[in-house]
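Undergrad: Could you work out the structure for the sequence below:
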Amino acid sequence: MKLKFALILTGAGVAAAATTSPVDLKLVMSLVRTVTVDGKVTEQLSPNPKTVLPGNVVSQVVTVNNVTGKTLQNVPVTLPVPKNTQYLAPEAGQPSIRTEYSIDQGKTFAQAPLKKTVTVTENGRSVRKDVDVKPSEYTSVRWIIPELGANQTLKLGYRIQVK
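TA: Predicted coordinates:
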């Protein structure tokens, strides 16, 4: 099965198509491969793959650029987890920024660990329990950048696996 991605990115101040955003967002998706070079196992990233296959791991990194001449406060940046993929983990070396996750396609967000209430049958009775949400259930990731300086650039991202 070959898969192509279509994504929606949101940034601070984006209310309608006619609105100019104070941030410029550029997404790079890279196929992650493990290769051996001179006897050493390393990762190789292939940017913007045309197709990916089930089991492939993909890195999604968005570059956030403040295109204004002033410092921005509390800038939200949201990346949906593409359909037919599952969230794995944040990219290594991420800046320490509040990260929130959604399990309902971005309607609500909370910091990990997320909880959900499920109904299970125990000893013939229905019981409601709070259980941890697995990262593979995340449908969107949102970062809240506390401060983004004038013309500052920041990279944020995570890894997904193709189902």
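
Undergrad: Contacts for stretch 56-66 next, please.
TA: With contacts defined as C-beta atoms under 8 Å, 6 or more residues apart in numbering, stretch 56-66 is touched by 7, 9, 11, 22-32, 45, 49, 52, 72, 75, 77, 79, 85, 88, 91, 145, 148-162. The C-beta positions use only the backbone N, C-alpha and C, and glycine is treated the same way.

Undergrad: buried ones in stretch 145-159?
TA: Residues of stretch 145-159 classed as buried by neighbour count (16 or more other C-beta atoms under 10 Å): 145, 148, 154, 156, 157, 158, 159.

Undergrad: which residue sits closest to residue 36 in space, ignoring its chain neighbours?
TA: residue 42 (7.6 Å; C-beta to C-beta, 6 or more residues apart in numbering).

Undergrad: Touching, the one you found and residue 34? I think so.
TA: Yes - look at residue 42 against residue 34 with C-beta atoms under 8 Å: they come within range, at 7.5 Å.

Undergrad: where in the protein is pLDDT low?
TA: The chain contains residues with pLDDT under 70 at 1-20.

Undergrad: Recalculate using a threshold of 90.
TA: Within the chain, the segments meeting pLDDT under 90 span 1-21, 37, 69, 93-96.

Undergrad: biggest strand in it by residues?
TA: strand 23-37 (DSSP state E).
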